[in-house]
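1. I need the structure of the sequence given here:
(2 chains)
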Amino acid sequence: MVMAMSVSTVPAAELTPIARWDFSAEEASPLQPHGGVLRDAPGPRSPEYPDFAPDNTAIKLDGKGAYFSFDDAGVQSPYDFTNGDAITLEAWVQVSSLSGGENVYVIGKGRTGSSSFAADNQNWALRVRETQGKGGISFLFATVPASGQGNSDKHWHRWTTKSGFTPGKYWHHIAVSYKFGEPESVRGWIDGKPQPGVWDMGGATAEAPVVDDDAIWIGSSRGGAAGNSFRGSLDAIAVYREAFDDEVMLTRFRRVGEEVIVQPAPEVMPDLGELPTGRTLVALHEGMPEHNRWLNTDETVPPETLRWNSETFLLDRLPQRFDEWGIREDWKPPVLLRLAADVPLTPGKHRFLMRVRGLSRLWVDGQLIAKSKPVPGSPSGEEPMTPVASAPIAGARIAEHRQQEVFGEATISEAMIDKTGTCRVVLEMLVGGKAFRTDPGEICVAVESDDGNSFLLLNPTASAPVQLTDADVEPILVRLEESLQQFDDANRRAAAASQDGFWNKRHDFARQWATQHPAPSSPQAQPTSDVTANPIDAFLATKAQRAVTASAETPIAEARAFHENVLPILWDNCFRCHGDKVNGGLLLNSREAAIKGGDSESPALVPGNADESELMRRILSHDPDEKMPPGGDGLKSEQIAVLDAWIKEGAKWPAPPVTEKDIAPPKHLTDTEFLRRVALDTIGVPPSEESVRTFVADASQDKRTGIIDQLLIREEWADHWMSYWQDVLAENPTLINASLNTTGPFRWFLYDALRDGKSVDRIVTELILLRGSKHEGGSAGFEIAANNDAPFAAKGQIVASAFLGIELQCARCHDSPYHSTKQRDLYSLAAMFEQKPVTVPVTSRVPDAFFAKQQRQSLIKVTLKPDESVTPAWPFADATGSMDDETLTPLMHTSKGSRERLAALVTSPQNTRFAQVVVNRVWRRLLGAGIVEPPDDWEGHAPSHPELLQWLGQEFITHDYDMKHLARLIMTSDVYQRAATGTNRTTTPELRFFVAPDRRRMSAEQVVDSLCSAAGQELDVEELTFDPDARRPASNRLTLGVPERAWMLASLANERDRPSLGLPRARAITDIMEAFGWSGSRQNPRTDRETAANVLQPGVLANSTASVLLTRATQDSGLAEIAVHATSPEELVNSIFLRYLSRLPSDSERAPLAIVLAAGFENRLLHPAEISAITPLDPLPKVTWSNHLSPESTIIALQLEERARAGLPPDPRLRPEWREVYEDVVWSVVNISEFVWVP
Amino acid sequence: MHRRNFIAASASLAAASTLSQQTHAATLLKGKAEHVISIWLGGGMGALDTFDPKRVGDPKEKVAGSYYESVETAVAGVRVCEHLKNLAPLMDRVTAVRTVNHKVIDEHAAATNFMHTGRPVSGTVVYPSLGSVVAHERGAAADGAPPYVLIGYPNVTRGPGFLGARDSYLYLTDTSQGPAGLSRPESITPARQSRRQGFLAGLRNAQTPGDDARVREYEEAIDLSLKLSGPEFNRSFQLDSEPSDLRARYGGEFGQRCLLARRLIERGVRFIEVSHNLNFLNGSGWDVHNGGILQQHALIQEMDTAMSTLIMDLEEKRMLDKTLILITTEFGRPPEFDSGGGRGHQGSAFSCVLAGGGLNHCGAYGETDELGKKIVDDPVSVADLFATIHAAVGVDYTKNLYDGDRPVPVTDMGQPIAKLFG
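-> Sure thing, here's the model as predicted:
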């Protein structure tokens, strides 16, 4: 046995341990580190601890399961202790923090969680146990459970000291001695002093402990359970086979200097210096020690992280935290939040109210007048329902769910008020914690009015008092959110600007590169074409004309015969492997190639001679290794006859039949059609009624270009593109437990980037670099792939298909049968991403049995050895043009790390594939079909317009990778403005001319957003969270906020089928979205959703809860307003059509609807006296994860479902009988098919 | 492939599956069932406390074992828990498969996914649920009926995966309403509904039909949706047309779901999943950690009442032999008790139940050890269970489905329990 012994630096008594670990640099330690172990951390050092060297080192453990292990020496090893054996365990510890009731391991033998041993096999252990905020010491062992004792804890024997040391920065010495079999022999010492203790679990016992050959662990137990893991530093751990007395132990601890007694620092109002006049200072300090206590005397307030000025003492969220690139980052919890202002107060006694979530305290002019408790942890559903808070005074706004409401009194004397007539008020609160989301809830400070009839928000301005009522507070909250958002935007953009220099350089570099590698220039404009200003149209026209010319060389009937009868057979049966791909070196997609043949060197086609054509021989073969196509029943006899005749007649391969008629463009869109299309393509919703009217009336020549430019700068551009990238990048956050390939909500990273107009190369780089917060919106959320044992392979697959058009789905488990990509390609990409060598996980291996069963040589191959370690390497130099060499250097922030290289390789200008893939995606989204189809898998799929694609790619590269530049180019083309009669998506590249765009159905998001915007209603759904009170960390229960646009929704999967975990208003919306192809659960990346018609699509628009509510004239909605202000039934019908269909109705549409609206039209408004105000519904207790198992929560959940079905009340100004007819008219317009189609 | 709405496609699919059965007829097991009612016990039903009783334990003293006494059943040697007293005499029409097992026990959603798709989560494929595969292979049993209906909350696990929306479910969460999207919302009176449809008909007449095939298909979908949301189809959801004593025999909301399932079978629905986890009885449903177990008997009794009534009702209507009833759950529970007297999760052995469907029932299949922790005899993998269900309902369990180009076997190499096929 190799044992780590080092010369003891403790000179005291001659003590000989059987093992001692000093964690010094020279130690030849056989300890195996696991998890977050930091070596060479500072240990106890002289002069403060004179028994240690000034540079003594220790180990630091992260407390998440980090530990050292040390194997037992086998049967009867010196580490085995049984009855009659004495043991002493000692260690130096520096415990950063302890949570309530925690038992953390210093050292123990057994209970490692190893499957080779019984679970409860603790031979001995020394632990630190939390008791009343202190670290007590605890000795633990287990005896063999008596039979029938089952799962009880009686076989556990634990002795714990009654007092302990204060966690913090000081080192302490702890020790325990015991002689097994003699329970009263136990002794414990802290800092050399004996401590009284008690056998508090299982009781004292004379029985022998469990002895086996399980390992010795330092720092954790039970397989690395976080709850048992030591958080802090350890040094000089020793195990002895003898017991010691108090006298010996007294020598074991020496500290020079005063004995430091750590105690809570005095509670003094912080000195915040000068405060802004008339504003409330919001100051934030992240990284406080604990959520449940203020600072101790040995601690200082961390430096200020951020400050901001607010209107009043009211705040319902923290500003966002951004990293130095402007990417969302987590606040480092707990965060100290201070609200402070000099508030005008009158002399006399005042009663104050503070509403807070966590540990807080409130000072008025230096007097501490109110304190609250820390946030309690969250149970898993068993918490009793928390009743709705009662108002502190009639009519007042009630406190939010589980916000603490604390009152305090202060008497203000004349002397306290300074010459400006104000008095300083400071609120301090701890927000979040290691086990809590950093979310303060709605916090406020108010003061009771002098007449005692109301509470007034503390307001540093002398302006009109703000009552603590819903009516007064809600508008402030809206303003607060607006100004916070501005503050966040400014902070983020300022941080992002730090990188602008880098990106400007990159874009200069890209332009230089482009100059050296010119793209094809735009062809001459065709003289016959009427609109040729846009080069896109010139490219398209050139190809179309060429096809007509080529077609003219062959009689049209002959060409048709080949293209309609012969080619489809080859297409369906051969091209997959010998056209899209070059299997066996053979191509069959052109006459020349087929005559040339493949690796077999026999010509596949011998014109005029079917018998000598290899193609026919293989088609007719019965040999399973020869037969083509492989598998299946082979070609039908009539198909064989067609091919046979074709070859005999000379295997002619004429150009496809194309006539002038085929390339004649359809009509241009009308103004209203154009406006609807362009609005849906930029802001994701139809134009407003007013903008349609303005646009139609506008007589200027360039109004179409003008409106394109106006729309492109709208912020909703970001909303419109979000859903697309969420699908392509498989963004898949979850409200419950991470599972089924869930990711973090990197939606917020994307949204910020799109709103800020970041260039695409930059967005992709920042995505790949996985920055910022994993669970609260940084690009790091992209890294997560729950239940996926090769997450970086999954992410590599997504990046390749999204940005390189390379499909690697098959390569997860084997080489691709229809592609040239190999398993190695994917895993070397994964290794680049993960920055370390990787192996294929067992679950992604094809079992040998599979190959054994195959009769024919399998189509799939595994060329990677099962346990082969794959090192980081760029597999796509050939496919993309991007080389992993020194040319990358100027494209990287740092030359360190393969991930940075990966990002540069994907986004470099040399990677023309990247630019073209993005171009193709934008093109396709606007015109309904790609120049390359499909956009995520380019191998073997030729572009229909290679030169146009290169030209557009070059435009993109030379215009800072700006998506809007591309969109503008395409939208201003002639083809974009044509009626959507195209069939480009289903046509072969050769015959894809883009004479017209393809017809597109609205996306699910567009359907919902259009319903809202046309009705003039906001999306009315719940906050997407099960933890509104922020009592769990975001990694466990996040919030996605209250959705404002449809893309912000997420999977509401309720696998537990618990009504209490339903979000019924959100579900009403997702019912519509799911019918239209949306899925919040994006397990895999996808470019295309299903768009085929199904019965549920019209079904949900006609009958779903949301369709009823979104066609209702709810109070103050757009629908209510136009009904109230309509001048005639005809005008009202016009308005409805303009809002929903962006056009005026035809006479035959208008007339019948105007007639039904005319009945009662004059009388449609109630007299003011008849109007009864809408009474708000009583608030219901909040159903949360913490209480969702209580039976009451289900009852409340059902009430919420009922309320969700009932929806917002209709506008009380409208007479119900008339209003219902009106709503039915609106409903009928929504339900004609035109509503869901993009013109 | 061009996908059309489910109704249009169902007839041709039924034909296609007959063809493939002929090809493999020699080796395939094939039962007589035409429909499946799949009862889902979300949370994880403990076999020891239901269909695989063992010696009684003591939750207070932490002595492992069953929570309840057991009783004899119609099948000699097969016992069930005392709260299954109505099912006990019917166990000759039932087979409790006691040796189902898998390793996904740490997370409900992952295990739920496993027990719906028969496979672990893949990094690359979204697998279809059992219901979607049956819907895909066999379509609806009658014209104008959807192939697959879910009475429970929608989620991806229950969905069609790569098969696409055509093989997805219609869902409802409450028997007082019809399926979401195809039943008249309660706030719209029949008079309003018909006024709306009148306006819509007028507007649709005023439209100029385009020649875009996809728009035309959407128009057809509108026609069909108007038809399905009409009174004809929605009559199936009107439980009050059933005799009141029968409704009473089925019991509470869960029983009413089972009754609705029977009505939908009669209407031609092929596969119905009925979720039994209403939270009311014990808060946590079948996920009986800690105090959740105190009211577990009420859940068991509710299931017993509904299930036994369903069996007898189907038998009386001569539908039992062609309707396979299934009880599945994400995993089982161990014999030991947790610190709160409830139970954790166990995947090493647990019970799922088959009834009716023309199978050769034997009360119980497979054997576990003295505390139900380990399998002693006749293990049944989840794939085997799925193969058994597919075989029972006439689906070729050996064939491949296709995710694009990629062949995906119907089950993960599962073999049906041969003993059940006479």
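2. B:Gly144 and B:Leu224, how far apart?
-> Separation of B:Gly144 from B:Leu224 (Cβ to Cβ, to the nearest Å): 9 Å. The C-beta positions use only the backbone N, C-alpha and C, and glycine is treated the same way.
3. the more surrounded of these two?
-> Set B:Gly144 next to B:Leu224 and count neighbours by other Cβ atoms under 10 Å in any protein chain shown: B:Leu224 wins out with 21 against 14.
4. what does that one show for phi and psi?
-> Main-chain torsions, B:Leu224, degrees, to the nearest 10: phi -70, psi -40.
5. ditto for B:Leu150
-> The phi/psi pair for B:Leu150 (degrees, to the nearest 10) reads phi -120, psi 130.
6. that one pairs with what?
-> B:Tyr171, B:Glu273 (DSSP bridges).
7. hmm, it is touching B:Ala180, no?
-> No - shown here, B:Leu150 and B:Ala180 do not form a contact pair, counting by Cβ atoms under 8 Å, at 10.1 Å.
8. overlap in contacts of the two?
-> Jointly contacting B:Leu150 and B:Ala180 under the rule Cβ atoms under 8 Å, 6 or more residues apart in numbering or on different chains are B:Leu170, B:Tyr171, B:Leu172.
9. out of the residues you listed, who's the most crowded?
-> B:Leu170 (25 neighbours).
10. straight-line length of stretch A:974-989, end to end?
-> Using Cα to Cα, to the nearest Å, one end of stretch A:974-989 lies 20 Å from the other.
11. an error on my part: the question was meant for stretch B:71-90.
-> Distance between the two ends of stretch B:71-90: 13 Å, counting by Cα to Cα.
12. likewise stretch A:608-616?
-> So stretch A:608-616: terminal residues 12 Å apart, Cα to Cα.
13. next one: stretch A:729-741
-> End-to-end distance for stretch A:729-741: 12 Å, by Cα to Cα.
14. next, the buried residues of that stretch.
-> Neighbour-count burial for stretch A:729-741, with 16 or more other Cβ atoms under 10 Å in any protein chain shown as criterion, is recorded at A:729-741.
15. what's the single longest helix in the chain?
-> Let's take chain A. Scanning chain A for the longest helix, with DSSP state H as the assignment, gives helix A:470-497.
16. could you do chain B instead?
-> Scanning chain B for the longest helix, with DSSP H as the assignment, gives helix B:296-316.
17. what is that one packed up against?
-> Applying 3 or more Cβ pairs under 8 Å, 6 or more residues apart in numbering or on different chains; DSSP states H and E, we find helix B:296-316 packed against strand B:35-41, helix B:244-250, helix B:253-267, strand B:323-329, strand B:350-356.
18. buried residues, that helix. List them.
-> Burial within helix B:296-316, assessed by neighbour count using 16+ other Cβ under 10 Å, is assigned to B:296-297, B:299-314.
19. what's the answer for stretch B:325-344, then?
-> Under the neighbour-count criterion of 16+ other Cβ under 10 Å, stretch B:325-344 has B:325-338, B:341-343 buried.
20. tell me if that stretch is near chain A.
-> Yes - against chain A, stretch B:325-344 shows contacts by Cβ under 8 Å from any Cβ of the partner chain at B:Glu336, B:Phe337, B:Asp338.
21. in helices, which of the residues you listed fall?
-> Here DSSP H is the test, and these give no hits in helices at all.
22. switch the residues you listed over to CSV; also include pLDDT.
-> Shown next, in CSV, are these (pLDDT from 0 to 100):
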residue, pLDDT
B:Glu336, 94
B:Phe337, 93
B:Asp338, 88
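23. about what we covered before: and the following helix or strand past the longest helix of chain A with helix A:470-497, angle?
-> Scanning forward in sequence from helix A:470-497 by DSSP states H and E, the next helix or strand is helix A:500-516. Orientation check (axes from the mean of the first three to the mean of the last three Cα atoms, to 10 degrees): helix A:500-516 against helix A:470-497 gives 50 degrees.
24. for the helix or strand following helix A:500-516, packing partners?
-> Stepping forward along the backbone from helix A:500-516, the first helix or strand reached (DSSP H and E) is helix A:535-551. If contacts are counted by 3+ Cβ pairs under 8 Å, 6+ apart, helix A:535-551 sits against helix A:946-958.
25. any idea of the mean pLDDT in the helix it packs on?
-> The average pLDDT within helix A:946-958 is 96.
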